[in-house]
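Chemist: need a 3D model of the following:
(chains A and B)
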There are 2 protein chains.
Amino acid sequence: MTHRKDQEGCAVLTVGSLALDSVKTPLGKVDEALGGAAVYSAVAASFFSRAMVVGVAGEDFPRQHLEFLESRSIDTQGIQLVPGKSFRWAGRYDYDLNQAHTLRTELNVFSDFHPVIPEAYKDAKYVFLANIDPGLQLEVLGQLRGPKLVICDTMNFWIEGKRDKVIEVLGKSDIAFMNDAEARELCGTTSLVKAADVIRSYGPKVAIIKKGEHGALMFTDHTHFAAPAYPLAEVKDPTGAGDSFAGGFIGYLARTDDLSERNLRKAVVYGSTLASFNVEDFSLERFRRLTYPEIMERYKEFKHISFFEEVDMLDPGHVIFHHA
Amino acid sequence: MTHRKDQEGCAVLTVGSLALDSVKTPLGKVDEALGGAAVYSAVAASFFSRAMVVGVAGEDFPRQHLEFLESRSIDTQGIQLVPGKSFRWAGRYDYDLNQAHTLRTELNVFSDFHPVIPEAYKDAKYVFLANIDPGLQLEVLGQLRGPKLVICDTMNFWIEGKRDKVIEVLGKSDIAFMNDAEARELCGTTSLVKAADVIRSYGPKVAIIKKGEHGALMFTDHTHFAAPAYPLAEVKDPTGAGDSFAGGFIGYLARTDDLSERNLRKAVVYGSTLASFNVEDFSLERFRRLTYPEIMERYKEFKHISFFEEVDMLDPGHVIFHHA
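Modeler: Next up is the predicted model:
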């Protein structure tokens, strides 16, 4: 048994977008539904720990979305409500659900956003910098007093447009999240093993590469962990999968306040678990009805789908050595 | 401990091509080197069990290649040596090593090939029908007396050109091997979970989908197993990876003569192990110097990279239930 001083664990601070998403997939569509990286990650984290959100919304942001966050004990005082329209994203997924096709991005209130961290958040120990302008990620870090764990995410848009800033953020982060295409692009190699080395050379001790339907890989200085994906016959809407993964991951770490490699592996599986539920429905619909027994049951399924037995005395090497 | 009557296990019969391959990758090239699906699979199987090969070679096929097979106790009496030139394949891999670009295929003696199964092979219990014309795969099955396990492989060329025959072979097979692109093409779906259902509806109780750098999936009627890929920083030559996987898989099953689901999982990992070694060098060079301690060590590494702990009493569901 691990000993923890605080049964409640630590809180998670997430920074990123609050969005109204219009999404079309082969299995349906939604218009101006709740979305955004900060929202997905905070709600996923809230299954495990307290969460605080830093972001911006316009005066048109439906009040019930904020009430939903508050209903999950997510602290929303870091969300700036400002005149103007909220950030909007419209996208389409075809049968290859790994590939989002952006139809429209309206930055709106996000274009003038500068994060202001409330006093009550400044001692946050667990921080997730979701995919936003790396300049804003740095502004957030500049306002915090000694976080214990900083996790950063990014996207191809920033890797192409603000590469130096992305690398500067990596230099101040403990764990880097990227999907496989982003890792390859940032590092200029098709080998994910080499890409992870390059990412870690920029600062983070740990690189986590998300591969969608192929699961996730975690690289440390001397270990490699491969988590499978959950075998879903149908994915209704992949939007937010990566942020749900990140939120589940950091939420579990904050709850347990244990950064051992063995606990990071469990956190990867909890992240995969949350992501696998999220894609079963549009927007955050699946999270609204998700229960703890379901989370625990799916974690156990992940364990089952990746289990195989150790080498035993009947295995070929042993048998042949006996003959020798 | 499992009890086995025969410490030597059963033998494996592989049917497929013997080739002279010319391959260029970002890390080097070979000209007219030993290759072919029957060769890769038989040599991989030979680490675990006795193997027998059915195929055809021309009079130009270097004698030392046959001697190499015999040096591994592989029975070569099923290899027809006929006048004419041997089968040749030339291909190139760019930085995306998952994708072979065929430069030239010379069927030569393979174009008039009809398999003749030697009397001594007809009671073979473990049969691997490597990727050849599905009509030839059916000719082989017609000459066998009650195999215990038939595994078939195929490729997009046959799926597009002889779809009905491919499905007929599946109807006579116990386990189907396919890579992810082939499974999607045959089954007309991007979902590998659905594709596995379709494949199994054609006959095989088990579908195994090879995903290259993303590992392999095994589907039975009520279980799902995901094996990781071994994290290689460099792949020198991916040629033969799938056949090495298949050979390691069926060789281990033949050796243990145990078709339980738990043993199939181990076989998938041994197959992945052999494939991961094969791609470390061109042609069959890595297999020539591969040792049992290396195989056992890598199997253990596969175990390590996919291991994570069970849910425990400190995990969120439990903690929250305690509070409730």
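
Chemist: residue contacts, the closest residue to residue A:240 other than its chain neighbours?
Modeler: Leaving out its chain neighbours, the residue that sits closest to residue A:240 by CB to CB, 6 or more residues apart in numbering or on different chains is residue A:40, at 3.8 Å. In short, each C-beta sits where N, CA and C put it, glycine included. Residue A:40 is in contact with A:240, A:243, A:244, A:247, A:278, A:284, counting by CB atoms under 8 Å, 6 or more residues apart in numbering or on different chains.

Chemist: my read: residue A:28 touches residue A:282, true?
Modeler: Yes. Residue A:28 is within contact range of residue A:282, at 6.5 Å (criterion: CB atoms under 8 Å).

Chemist: in the longest helix along chain A, which residues are buried?
Modeler: Longest helix of chain A, by residue count under DSSP state H: helix A:261-278. In terms of neighbour count (16 or more other CB atoms under 10 Å in any protein chain shown), helix A:261-278 has its buried residues at A:263-278.

Chemist: same thing with stretch A:101-113?
Modeler: Those would be A:108, A:109, A:110, A:113, for stretch A:101-113 by 16+ other CB under 10 Å.

Chemist: just give me the neighbour total for residue A:142.
Modeler: 10 (other CB atoms under 10 Å in any protein chain shown).

Chemist: cool, and residue A:78?
Modeler: Residue A:78 has 23 nearby residues by other CB under 10 Å.

Chemist: what's the answer for the one 4 residues further on, then?
Modeler: When neighbours are counted by other CB under 10 Å, residue A:82 registers 16.

Chemist: what does residue A:305 give?
Modeler: 19.

Chemist: can you check the one 10 residues further on too?
Modeler: A total of 21 residues lie near residue A:315 under the criterion other CB under 10 Å.

Chemist: now residue A:124
Modeler: 28.

Chemist: ok, it to residue A:81 distance?
Modeler: 21 Å (CB to CB, to the nearest Å).

Chemist: who's in contact with stretch A:64-84?
Modeler: By CB under 8 Å, 6+ apart, stretch A:64-84 touches A:11, A:13, A:18, A:34, A:39, A:42-43, A:46, A:50-59, A:61, A:108-109, A:113, A:115-118, A:120-121, A:284, A:288.

Chemist: how does it look with 6 Å?
Modeler: A:34, A:42, A:46, A:51-59, A:108-109, A:118, A:121 (CB atoms under 6 Å, 6 or more residues apart in numbering or on different chains).

Chemist: contacts for the longest helix of chain A?
Modeler: A:44, A:216, A:218, A:223, A:225, A:227, A:230, A:240-241, A:244-245, A:248-249, A:252-253, A:256, A:286, A:290, A:295, A:298-299, A:302, B:308-309.

Chemist: thought residue A:248 was touching residue A:44?
Modeler: Yes. Contact status for residue A:248 versus residue A:44: in contact at 4.6 Å, counting by CB atoms under 6 Å.

Chemist: tell me which of these two has more neighbours.
Modeler: Neighbour comparison, residue A:248 and residue A:44: the larger count goes to residue A:44, with 34 against 31 (by other CB under 10 Å).

Chemist: mind checking the SS state of the more buried one?
Modeler: helix (DSSP: H, G, I helix; E, B strand; the rest coil).

Chemist: skipping adjacent residues, who's closest to it in space?
Modeler: residue A:247 (2.9 Å).

Chemist: quick one, which of residue A:28 and residue A:282 is more surrounded?
Modeler: residue A:282 (23 against 11).

Chemist: and the pLDDT at that one?
Modeler: pLDDT for residue A:282: 98.

Chemist: so which helix or strand takes in it?
Modeler: Residue A:282 belongs to no helix or strand when assigned by DSSP states H and E.

Chemist: and it, how far from chain B?
Modeler: Distance, residue A:282 to chain B, using CB to the nearest CB, to the nearest Å: 18 Å.
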